[in-house]
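**Q** I need the structure of the sequence given here:
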Amino acid sequence: MASLIQQRLAIERIRVRALWIVCVSAGMFVLGGALVLSGTTNPFSIPPLVIWAGGIVTGIVEVRRYRRALREFEAEHGVGAGDQTSGTDS
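**A** Here you go, the predicted model:
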């Protein structure tokens, strides 16, 4: 069984991956939308918008998965379990 620190790190990886998915997908969606609005629309410019919109939705689902996993982890082990914060209060 993994330690509490390893379990929290695994949960935090879900958050980081979800934020990357949302940010990259949103950025590419905006760029694709700007390209479509600039008047350079062709049959190949719409499918990427659908794909990037799907990426945004996927990222949001992952954020919700992270929150649920963190809530369950902290309910089982206590708030702040496995957290690696500095021991100094400066």
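
**Q** name the residue closest to the centre of this protein, please.
**A** residue 18 (1.2 Å; CA atoms, centre = their mean).

**Q** give me the nearest residue to that residue, chain neighbours excluded.
**A** Excluding the flanking residues, the one nearest residue 18 by CB to CB, 6 or more residues apart in numbering is residue 62, at 3.4 Å. (Each C-beta comes from the backbone N, C-alpha and C, glycine too.)

**Q** return the residues in contact with the one you found.
**A** Listed by CB atoms under 8 Å, 6 or more residues apart in numbering, the contact partners of residue 62 are 14, 17-18, 21.

**Q** just say helix, strand or coil for it.
**A** Of the three states, residue 62 takes helix under DSSP: H, G, I helix; E, B strand; the rest coil.

**Q** ok, now how distant is the most far-flung residue of the chain relative to its centre from residue 29?
**A** Ranked by distance from the centre of the chain (CA atoms, centre = their mean), the top residue is residue 39, with 31.7 Å. As judged by CB to CB, to the nearest Å, residue 39 and residue 29 stand 18 Å apart.

**Q** same check on residue 83?
**A** Per CB to CB, residue 83 is found 34 Å from residue 29.

**Q** between those two, which is the more surrounded one?
**A** Comparing residue 83 with residue 29 by other CB atoms under 10 Å, the one with more neighbours is residue 29, at 19 against 11.

**Q** tell me the contacts of the more buried one?
**A** 49, 52-53, 55-56 are the contacts of residue 29 under CB under 8 Å, 6+ apart.
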